[in-house]
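**Student:** Here's my sequence, what's the structure:
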Amino acid sequence: MSSHSHVAEIRHAIDNVTLVCQDPHNTVNVRGFWSGKNPLDSSTSLLLVQLSIITFVSTFVNLWLRQIGQSSVVSNIFSGILFGPSALGHFKQLAETLFPLEGIIVLETLATWGLMYFLFSIGVKMDAGSMIRPQRKCMVIGSSLFFCTLLLPQGLTFLLIRLVPKMDTTLQNALPFISATQAISSSAVVGSLLTELKLLNTDIGRTAVSTALFCDVIGVIMSAFAIAMSDRKNKGTIIPWLAVIQAAALVLGIIYICRPFMTWMRNRAEEKNVVRESHIFIIFVLVLVFGFLSEISSQHYLLGPLAFGFVVPSGPPLGSAVVARVDTLATGLFYPTYLAVTGLKTNIFTIDFRSCMVLGAIFFFAGCVKVGTVMLAACYYEQTLREALVLGLILNAKGITELVMYNIWKQTKLLSDQEFALAVVMVVAVTACLTPLIKLLYDPSQQFSATKRSTIQHLKRETEFRIMACIHTQENVPTVVNILEVSNATEENPVAVIALILVELVGRSTPVLVAHHPGDTIQSSIGSSTSKSNQIIKALGQYTECNEECATLQPFTSISHYQTMHDDIMRVAFEKRAHIVILPFHKTYAIDGTIGSVNRAHQSLNLSVLEKAPCSVGILIDRGILGGSMSLLTSQYIYHVAVIFLGGVDDAEALAYGSRMASHPNVDLTVARFLLFGEENCKERRRDTDLLEEYRRAHVGNERFVVVEEVVKDGAKLSSVIRSMVDCFDLMLVGMHHQDTPLLSGLGEWSECPELGIIGDMLASPDFRCSLSVLVVQQQRIAGKPISRTAKPVDKEPLIHDVPYEQVRSSWTITVNEGNRG
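**Tutor:** Numbers count the residues shown, from 1 in each chain. Now for the predicted structure:
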């Protein structure tokens, strides 16, 4: 071989390759600032500075863009673009100081390594069962959108290659691959978008995730073929096909060898009630092993960890333990860093207008095809036109999956700097347009807006009383059962209990709402739970057994994030036409009466339900632990109930519930009405007197129904009287909001829990050392309109159904006497 040909081969080999030279003695540590050297000459110091800057800027930009409805994908990529050659990196001195080429290599290596654990975490949280056994509706929608979006844009691509003159050769080669990525609808991307939009618990959200999971199966197979076939050196040989077979063997080995091993680990964790650290360590090492095996299979190293994540059982105990250890670092640091590195490599100055128009046309056409295909398939399954449109937009979401593909192709020289920048910019543009558009078109709370009264006060006689009881833990059950019992289920006025067990979603990404059937347990319905949850259903079942033919039980379980759990509550309440939803208070009490624990997530959940509930809502302040929680099902114990009545629709609702309780043979009810001295002729006072008179007539002959009236001058006296009552009762009902009265002036200044109202917050205070439980009631707000704290509630409905209206009678007053109440 001649020397000239040898030199030509060397030049061809190093063409388009950047060579980076580093000093091996100066890459780890510069021995401190006072050594006289630049600290950023150390690769360690430089990496720490880069991670700190990226994290800080990404967080700041995310907070800023979130105000205009943008997702984290847009903000993280935008942060990277700020430091890249498109913005600040355009200044040579700044780029060489903060992001020199040798530093970018280290940063990218760390980011891609962390991305491996990020995708593994996503795989663990996914519901593999939905991928293997998808619903027919999701299969039809998923297969239709995938193949239509794969084929039709490809036709447009080849048409543009023929018709557009002087198209860059690199763009011609890249267009078929970029066009093929438009068929991807990744569950990781869709799930992240729905989480940020708080739509995971909606019907559309569940359909979108299930459809995307089915598309993942097709997409992973197609991606494996695309990566193998994109190897230019071995193109046209049998080697790419061997690579595909080897990758398939790896995935099958993970499924049939690792899956039983992971199941054994989960079973051991359930038996011992703890996940061993050695098992977690083995799993993390296997992630690295499968990444390496993917590389030697001519696939990207992310394939193995993702497939391995799918075989790890999701949810507690094993899946949640794995996710808890890896998710914070992977999601909070490595994922934003990878997106930022993608932005750093994006140089918008390499883009020419013609190429931008060509790629923009493909993205726009593919988006229209995907939305149209999804709408046709969804409408076939009787989805409304608006919901079908929103579903199509959600499945158009783009993010980490597409960016990984573009980065792979950039490394293999399939994409030049221009095509890579164009593809990244298009991903950002599509996501930036979709997020606010979905928010504009779809408000999930509107589907649960009630247009008819669903309250206790307006419940007609001889009608089924439907109570929805929400339960977090076993400790909530005794007091809830007592309230159900005193609700007085009879053959004429039966009680339907809708029990919703609330479980926080941990270690999985897909929320679950399960309707249990007779004989079912949570274990059989969901696949993983604790024995405590089964005992909740069993305890509630004892109530229905003791009230056979008078009470029914419909148990549900909601496994969801607390931020979106209110959607499940409102959905069940709306579909089951509940008259009241009972929620546990977010504080629990210790045995000495002090606050035992505070759960702010429960408080946020209660506030969301109060704002949008389709029926009345009660917040249960449970102090049953202080009084021993004596069950009314197994004893003849007399249950003392009081209603605090100041006036207003919420107090009227509390009074209606108390009136129903007073019909129970083991309940005595005291209605304590508080009157302001000197306002005898007030219009609201006369109306409240009418209401109380009608309830008294409804309980003629019932000695366990007593109305007492207390005339007070100010809030201090009101507080004093209520304080003197708390030791006389087991349960107190109080309205959340009251009509405007001087009696409450000044009492709300020290309120800690506004969702309880002024009186409810006072009764929840640990200063009241008593065993009294309190149910704070808010009457249904039509159309879910929130109530202003200063607005005067006005009730224009009839006072009590089936009770004739009579003229106002004179009121009578009795001062509360503790000695007469045992």
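**Student:** so where do the helices sit in the stretch 201-350 of the chain?
**Tutor:** Here the stretch 201-350 of the chain has its helices, by DSSP state H, counting those that start in this stretch, at 203-229, 239-253, 259-272, 277-296, 303-311, 318-329, 335-344.
**Student:** How far away from the center of its chain is the shortest one?
**Tutor:** Pointing back at helix 303-311 there. 24 Å (C-alpha atoms, centre = their mean, to the nearest Å).
**Student:** Could you report the separation of the residue nearest to residue 386 when sequence neighbours are not counted from residue 71?
**Tutor:** Residue nearest to residue 386 in three dimensions, not counting chain neighbours: residue 441, with 6.5 Å by C-beta to C-beta, 6 or more residues apart in numbering. For every residue, glycine as well, the C-beta is placed using N, CA and C. As defined by C-beta to C-beta, to the nearest Å, residue 441 lies at a distance of 16 Å from residue 71.
**Student:** if you count what's nearby, which of these two comes out ahead?
**Tutor:** residue 71 (23 against 12; other C-beta atoms under 10 Å).
**Student:** which SSE is residue 708 in?
**Tutor:** Using DSSP states H and E, the element containing residue 708 is strand 705-712.
**Student:** In its sheet, which strands sit next to that strand, and in what direction?
**Tutor:** Using DSSP bridges, the strands paired with strand 705-712 are strand 667-676 (parallel).
**Student:** After the strand it pairs with, heading C-terminal, what element do we hit next?
**Tutor:** Next helix or strand after strand 667-676 toward the C-terminus (DSSP H and E): helix 683-698.
**Student:** So which elements touch that following helix?
**Tutor:** Under the contact definition 3 or more C-beta pairs under 8 Å, 6 or more residues apart in numbering; DSSP states H and E, helix 683-698 sits against helix 649-661, strand 667-676, strand 705-712.
**Student:** Looking at these, which one is packed in the most?
**Tutor:** Stretch with highest mean neighbour count among these: helix 649-661 (a mean of 26; mean count of other C-beta atoms under 10 Å).
**Student:** Next, the angle from that helix to strand 705-712.
**Tutor:** Helix 649-661 runs at 150 degrees relative to strand 705-712, counting by axes from the mean of the first three to the mean of the last three C-alpha atoms, to 10 degrees.
**Student:** Give me the distance from helix 649-661 to the chain's centre.
**Tutor:** 34 Å.
**Student:** Who are the packing partners of it?
**Tutor:** Other elements packing on helix 649-661 under the criterion 3+ C-beta pairs under 8 Å, 6+ apart are strand 639-645, strand 667-676, helix 683-698, strand 731-735, strand 773-778.
**Student:** CA atoms only for the first one - export them in CSV, please.
**Tutor:** So the one you mean is strand 639-645. Extracted as CSV, the C-alpha positions of strand 639-645 are listed here (Å, rounded to 0.1, in the frame of the first residue of the first chain):
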residue,chain,number,x,y,z
TYR,A,639,-74.5,8.0,72.6
HIS,A,640,-74.7,11.7,73.5
VAL,A,641,-74.8,13.9,70.4
ALA,A,642,-74.9,17.7,70.3
VAL,A,643,-75.5,20.2,67.4
ILE,A,644,-74.1,23.7,67.7
PHE,A,645,-76.5,26.0,65.9
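**Student:** Use 819 as the first number for this chain going forward.
**Tutor:** Sure, I'll start counting at 819 from here, so that last one is strand 1457-1463.
**Student:** what distance separates the start and the end of stretch 1282-1301?
**Tutor:** Distance between the boundary residues of stretch 1282-1301 (C-alpha to C-alpha, to the nearest Å) amounts to 16 Å.
**Student:** what does the model give the residue nearest to residue 1204 for pLDDT?
**Tutor:** For residue 1259, the model assigns a pLDDT of 88.
**Student:** Residue 1239 now?
**Tutor:** Residue 1239 is given a pLDDT of 90.
**Student:** just how off-centre is the helix or strand encompassing it within its chain?
**Tutor:** In this structure, residue 1239 sits in helix 1235-1259 according to DSSP H and E. Averaging C-alpha positions (C-alpha atoms, centre = their mean) puts helix 1235-1259 24 Å from its chain's average.
**Student:** Tell me where the chain has strands.
**Tutor:** Applying DSSP state E to the chain gives strands spanning 1283-1289, 1313-1322, 1330-1333, 1369-1378, 1398-1402, 1405-1407, 1413-1416, 1434-1439, 1457-1463, 1485-1494, 1523-1530, 1549-1553, 1591-1596.
**Student:** tally of neighbours for residue 1220?
**Tutor:** Neighbours around residue 1220, by other C-beta under 10 Å: 22.
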